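Undergrad: Generate a structure from the sequence data that follows.
(4 chains)
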Amino acid sequence: MIIDLPHYLLLSAVLFVLGFFGVLLRKNTLVIYMCLELMLIAATIALAAFSHFNDTLDGNVFVFFILTIAAAEVAVGLAIIVALFRQRGTVQVEALNHLRH
Amino acid sequence: MANFLFYFFALLALVSAGLVVVSKNPVNAALGLLLSLVGVAGLFVLLNAALLAFVLLLVYAGAVVALFLFIIMLLDTRLEPSKPSPRLTLIAATLGGALLVVGVLSLNQRAILLAGGASGTGPTLKHYAEQLFTTYLLPVQLVGFLLLIAMLGVIVLSKKSDQAEETL
Amino acid sequence: MTTDYLKSVAESNQWWALGPEIMLACAALGLLVMEIILPKKDRRFIPYAAMVAQAMVLLTVIFNFQTTWLGENLFGGLIKLSPWGQVARVFFLVSSLLVSFLGTICLPRTKLPRVEFYHIVMVVTAAMMLLVHSNHFVMFFVALETVTIGFYILVSYFRDNALTLEAGLKYLVLGALSSAIMLFGIVLLYGAVGKVSVNGITHTGFEFETLNNFLRHHPDNFLAIAGALLLVGGVAFKIGAFPFQIWIPDVYQGAPTPITAFLAVSSKAAGFAVLLTLVNQVFTPLAGVLVPVLSVLAAATIIMGNLAALTQRNTKRLMGLSGISHAGYLLIGVVASFTVPWATSAVWFYLGTYLLASMAVFGVMTYLTGPDDTNQTLDHYEHLAKQHPFLGGVLAVGVGSLAGIPPLAGFMGKLLLFIVAFQAELYPLLAIAIGGVVLSIYYYFGWIKSAYFEAWRPAATATTAAPQSAITTPSLSGKLILGLLALATLLLGCYPGPLSDWLPF
Amino acid sequence: MNSLHAQLLQLAIATPLVAALIMAGGLPKRLAVKLAGVAFVVPALIAAWLWQQFPAEGGATYHYLSNWDTGLGRFGITLKLGLNGIALPLFLLAATVGLAAGLYALRSGAERLKLYLMLLLTMQGGLLGVFASVDIFFFYFFHELALIPTFIMVGLWGGRDRNYAAMKMTIYLTAGALLSLLGLIAIYVKSGAQSFDLIELKAVLAHQSLAPTVQKYIFGLLLFGFGTLVSLWPLHTWAPLGYGAAPSSAAMLHAGVLKKFGLYGLIQIALPLLPVGAQTWAWPLALLAGIGNVLVIGLITLAQRDLKQMLGYSSVMHMGYCFLGIACLSTIGSGGVVLLMVAHGLSAALLFMLATSVHHRTNTFDLTEMGGLAQKTPVLAACFVAGTMASIGLPAFANFWGELAIFVALWKFSPGLTAVAVAGVVISAIYGLRAVARIFFGPPSEHLQQVMAQHPPADLGWGERLPALILLAALLGLGLYPQLLSRSIDQALPVGIAKVSAGSATVSPAKP
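TA: Residues are numbered from 1 along each chain as shown, chains lettered A, B, ... in the order given. A predicted model of the protein is given here:
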């Protein structure tokens, strides 16, 4: 059996769903953030696969941009998490219910 | 051989991604993320995008995961209390997941994938450089600004309050 | 790589076409330079320099409104200027100018660094303008992420306040989630199209025209439909449409008030500009799928927003929730734009009136709050009309316009949307919208009531100790700007000619 | 010559609005009051002049036309002003009641008088604009312009329950207005005329009328939209509450004039443009109005003890006659409605004003607490009695002719409903006369005696007497010589009604 585009797509989709589950189910904001990264990575697999099997370079170039952006996002996100930890002393989602009260 | 490698890396990526989702200890989760990235990097190599694999490992494994680990150590978070998730979230998650899985499964049957057939050799560093500095010059510039404001943002958000006192 | 190719690329990179964005970005850099070189006592002029720079860019855009690059593919198809892009430029510049102005009221109350605030606001504005011009998904995504990451920082800017950081974190997680979903949608679209060669030049699904062409020939491609739905879902998050509206009240409450205004006006308008572009230029062949989806979204959004706002007493949450219902009305315009071409104009007209009215209200809110601006309730307004008749008047005009009461501009916006919806024969949506407007009268009227009626005769009811808010008396320039906003709202309601003539119908 | 008159018409609408703007610009109070006085008088003089100049045989068409672009010309929205035979009487009514309410307000000594006058002037400008608009978008726009000040005035100067009353009024009236706006937009879109200009709409629809089902839906929208505004049962509940709380001048203008907007809209727009829709809805409307407004509300009115509430309910009841007249779909019925609208506007305004005057002297609105005021204040008593008699519909007052015409038309439509309507007249006679007896005759209550001992009641001063006399004179003039208005009305009506009464035979082939 030849490894073809659908295999990569399936893998990418499953990874995306895993990350999605993680975002919804986990309570630790750091882990939630890791799961978000997982979703981005899943998208890049599909992108690279499409790029490879369609023989266009654009997808691969887009992966570059995604990686850069994801790194910046992580930096800002962790800064916010750290700042909140300084104020509240926790990174659990349950602690994020002070608004509206 | 290629088949074996694909399954190996795919399994690596999936299993360690599962580890990220289920592990109670954030440190284990971060290590899972790292392993998952290695798997994805392997897949990139199989897809003739060795450069991307290299960048992925460099940026993600080298910087992002290290940053995560660093922050986990810094914050010294305790183990997650195993409280059950609210039922609504569980239902939403199951529904969302089910929808996505159904979508993916029907992909195989319904999608007309216009695979043009891959060429033998992958793009080289030169190809990337050409693209980035001709067609995609504008996004590259914009990403520069993106990184700048991200840097400024991190500084603004984490400078100690008493140092930030300004007399404007 | 031949020199010919390089030459053609260089010719297509018309940097002058992006003059306003480049000027704005350079001005933003200039602010940082000024902070380094200016002596400490002169740094207080930097915010004013930022505002002057933005005003100059605004004038540049207005004077070059009919620029020669309209409708041309620039930067190898990454960018395409359109008349709507020009309108969007003006819109975003006016909005960021007003946000900067609100910042000058709000920031001095804190001990936070300031220059970065204006810098990020300006970069985000430039990125929004690029987002609206983009004609290619790589450009689209990069611009969108610049906007989003800028907003992460801005929302959590008041880092001394735990509530603000909480809002920032919520926005971060949900924003990143929506970006990931949107990205997956883009990837699927890219994959569905595959590789198209025309005259030896490769085109991909990243390009809007190519994608549109592909969809016209394969309107039932499953991969493409899934991608389009994911993409629309991501945009729905940005505009706060159902079921992605959950983040709005918390984030609006926690964010610094100027940033709440920025989110409510610019971010929402950017979302609608993108949605209109996608719907009218890219996904036209998918009308059969998208019209029902968007209609249901619009109906649910109107109902959810209005019902949730009915009992809300925190004014920032109220603005957020009522903003959801405005997004619902606007979505009706988007749905109508599938069949009625001038619906786009109606949506922009509505956004214009929404800009004026919201900014007036947020301006009053900024003056009303003390250092902690996350907890402003209707009770704070109890003595407003009596003690500050000017602020009370501006508030009444702004809130009245949001409620859509003639002769204020908001009414004209709603009227045009209703006519459009009628022409598109969206009767159920119209009925829901009318119900929503009547409901909204209840809470908007309650706001005006708490500002005017409660305190009129203090003898009987003055026993309850209203929370005394620290109202900053507006400066002359503040009065001028708020007064202009209120006046424009009133004049456009009576004589909408200028705005409607200017919009490219 | 004609263009001069068109300019005068514009001037009449602009004067109050401009005066309000000038007052907002920070005029000293004394000057502001004088300016307001002038701004109330000018439209009345112009209206009288325009009425006097109105061509004797020209009621069917619009006169004094003028057309302004508002920047929405591409949507067919222009500020088109003009008067025809139906609009003229109501324009005159708005000017007269506005003058009376304004004069009364000048001397009312209200708190923050300047703001009060400003809002009243805005309302007056809007009212004049409503009836002078040929463009149905501006017809709606001016209505809202007049409506908003009402809410504010109820909220700020209202009596008991003013918060609740203001809120309820706002929500009901906004809902009604939005429904009718939908109906107007529907006409605009469905007619294909791409214009809100009533003259053009009439021309287009006369050429090719709308499909019957479409007409049915649009007429239903307009009926219930306008019906809410005119307090059609069971959508009336805002009215007694609102009028009970409203300050007198606002109540005068709203109950007297603004409320007629809906009826005017039905007669001027809905009947001629949607004849088939009108036929479908005639019976439901007649039943709602006959049973609900006249009978049910009449009985409720009987049970009222509060003078202002009673007047509010009685005004709801009288609207029932107007709806009945419209449901007859005949020239004489609709003509009666227009006449009754004018007459009721005058008498309702008079009674709301005098009720406040009574309150000033007795310090209560409770009918059971009053008594014996006739000896102390004979002029007030005489005016009130006259107003009540007019409101009941006794001969010599304008209301009589309106009700008579409606009854004649109603007899043809349904004798049973005529009986109900006549019973309604008896009911209104009972509560009207009983109120007069309780207020002015019989012994005053102990509480009232104390009040009167402290503040001996004075008779009507000139500030109250002049507006009362203006309204009374108009009522009597029309009552003795109804041709003053009825001729122009009769000329204008057949254009729309003739088609209706001829039935569906004349309806041109339906549009697909």
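Undergrad: ranges for the helices of the stretch 401-512 of chain D?
TA: Secondary structure of the stretch 401-512 of chain D, counting by DSSP state H, counting those that start in this stretch: helices at D:415-440, D:446-454, D:462-480, D:483-492, D:494-501.
Undergrad: so which of those helices gets nearest D:Met153?
TA: Shortest distance between D:Met153 and those, using CB to CB, is found for helix D:462-480: 17.4 Å. Every residue, glycine included, has its C-beta placed from N, CA and C.
Undergrad: buried residues in that closest one?
TA: If you call a residue buried by 16 or more other CB atoms under 10 Å in any protein chain shown, then helix D:462-480 has these buried ones: D:464-472, D:474-476, D:478-479.
Undergrad: Stretch D:384-401 too?
TA: Residues D:384-394, D:397-401 are the ones in stretch D:384-401 that count as buried (16+ other CB under 10 Å).
Undergrad: Leaving out chain neighbours, which residue sits closest to D:Leu410?
TA: D:Thr418 (4.7 Å; CB to CB, 6 or more residues apart in numbering or on different chains).
Undergrad: any idea how far D:Gln309 is from the one you found?
TA: Between D:Thr418 and D:Gln309 the distance is 28 Å, computed by CB to CB, to the nearest Å.
Undergrad: so, if you compare the buried residues of helix D:462-480, which one comes nearest to chain B?
TA: The nearest member of the buried residues of helix D:462-480 to chain B, counting by CB to the nearest CB, is D:Pro467 at 62.2 Å.
Undergrad: Quickly find the element holding the residue nearest to that closest one when sequence neighbours are not counted.
TA: Leaving out its chain neighbours, the residue that sits closest to D:Pro467 by CB to CB, 6+ apart is D:Ala100, at 3.7 Å. Using DSSP states H and E, the element containing D:Ala100 is helix D:87-106.
Undergrad: Going toward the C-terminus from that helix, what's the next helix or strand?
TA: Next element after helix D:87-106 (DSSP H and E): helix D:113-132.
Undergrad: That following helix: what's the following helix or strand?
TA: helix D:136-157.
Undergrad: can you pull out the helices in chain B?
TA: Along chain B, the segments classed as helices by DSSP state H run B:2-22, B:26-46, B:50-56, B:66-75, B:87-110, B:125-133, B:137-158.
Undergrad: Go through these and name the closest to chain D.
TA: The nearest among the helices of chain B, by CB to the nearest CB, is helix B:87-110 at 33.3 Å.
Undergrad: Give me the mean pLDDT for the closest one.
TA: For helix B:87-110, the mean pLDDT works out to 68.
Undergrad: Run through who's touching the host helix or strand of C:Asn212.
TA: According to DSSP H and E, C:Asn212 maps onto helix C:208-217. Residues from elsewhere that reach helix C:208-217 (CB atoms under 8 Å, 6 or more residues apart in numbering or on different chains): C:77, C:80, C:135-137, C:189, C:192-193, C:196, C:203-205, C:221, C:224, C:277, C:281-286.
Undergrad: repeat for stretch D:107-115
TA: Counting contacts by CB under 8 Å, 6+ apart, the residues outside stretch D:107-115 that touch it are D:23, D:27, D:29, D:32-33, D:105, D:116, D:156-157, D:247-249, D:461-464.
Undergrad: now chain D, which segments are flagged as low pLDDT?
TA: Along chain D, the parts satisfying pLDDT under 70 run over D:1-2, D:494-512.
Undergrad: Up against chain C, what does it have?
TA: Counting by CB under 8 Å from any CB of the partner chain, chain D comes close to chain C at D:69-72, D:74-75, D:137, D:140-141, D:144-145, D:148, D:151-152, D:155-156, D:162-163, D:166-167, D:170-171, D:174-175, D:178-179, D:181-182, D:185-186, D:188-189.
Undergrad: most neighbours per residue, which of the helices of chain B?
TA: Greatest average neighbour count among the helices of chain B goes to helix B:26-46 (a mean of 22), per mean count of other CB atoms under 10 Å in any protein chain shown.
Undergrad: about what we covered before: among the contacts of helix C:208-217, which are in reach of chain B?
TA: With CB under 8 Å from any CB as the criterion, the contacts of helix C:208-217 include C:192-193, C:221 near chain B.
Undergrad: So which bits of the helix holding C:Asn212 are buried?
TA: So for helix C:208-217, counting by 16+ other CB under 10 Å, buried means C:208, C:210-211, C:213-215.
Undergrad: and of those residues, the nearest to chain A?
TA: Using CB to the nearest CB, C:Thr210 is the member of the buried residues of helix C:208-217 that lies nearest chain A, at 10.9 Å.
Undergrad: For the spatially closest residue to D:Ala14 that is not a sequence neighbour, grab the count of nearby residues.
TA: The shortest distance from D:Ala14 to any non-neighbouring residue, by CB to CB, 6+ apart, is to D:Gly125 (7.4 Å). As a burial measure, D:Gly125 scores 28 neighbours (other CB atoms under 10 Å in any protein chain shown).
Undergrad: that older thread, what about the contacts of helix C:208-217, which are in helices?
TA: Mapping these onto helices (DSSP H) picks out C:137, C:189, C:192-193, C:224, C:277.
Undergrad: Which two of those have the greatest separation?
TA: Pairwise distances across these (CB to CB) peak at 19.0 Å, for the pair C:Ala192 and C:Thr277.
Undergrad: Check chain A for its longest helix and report it.
TA: Under DSSP H, chain A gives helix A:58-88 as its longest helix.
Undergrad: Now do that one: which elements does it pack against?
TA: When contacts are defined as 3 or more CB pairs under 8 Å, 6 or more residues apart in numbering or on different chains; DSSP states H and E, helix A:58-88 packs onto helix A:29-54, helix B:50-56, helix B:66-75, helix B:125-133, helix B:137-158, helix C:137-155, helix C:162-193.
Undergrad: Columns distance to C:Gly483 and mean pLDDT on top of those, output as JSON lines?
TA: JSON lines is the format used below for the helices and strands packed on helix A:58-88 (distance: least, CB to CB, whole Å; pLDDT from 0 to 100):
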{"stretch": "helix A:29-54", "distance to C:Gly483": "44", "mean pLDDT": "89"}
{"stretch": "helix B:50-56", "distance to C:Gly483": "54", "mean pLDDT": "88"}
{"stretch": "helix B:66-75", "distance to C:Gly483": "48", "mean pLDDT": "85"}
{"stretch": "helix B:125-133", "distance to C:Gly483": "50", "mean pLDDT": "79"}
{"stretch": "helix B:137-158", "distance to C:Gly483": "33", "mean pLDDT": "90"}
{"stretch": "helix C:137-155", "distance to C:Gly483": "27", "mean pLDDT": "93"}
{"stretch": "helix C:162-193", "distance to C:Gly483": "30", "mean pLDDT": "89"}
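Undergrad: if we can go back for a sec, quick one: buried ones out of the contacts of stretch D:107-115?
TA: Buried members of the contacts of stretch D:107-115, scored by 16+ other CB under 10 Å, are D:23, D:27, D:32-33, D:105, D:116, D:156-157, D:247-249, D:464.
Undergrad: and the residue nearest in space to the middle of chain C, what is it in contact with?
TA: A centroid search over chain C (CA atoms, centre = their mean) returns C:Ser266, at 2.5 Å, as the residue closest to the centre. Applying CB under 8 Å, 6+ apart to C:Ser266 gives the contacts C:91-92, C:95-96, C:99, C:124-125, C:128.
Undergrad: now with 6 Å?
TA: The contact partners of C:Ser266, taken as CB atoms under 6 Å, 6 or more residues apart in numbering or on different chains, are C:92, C:95.
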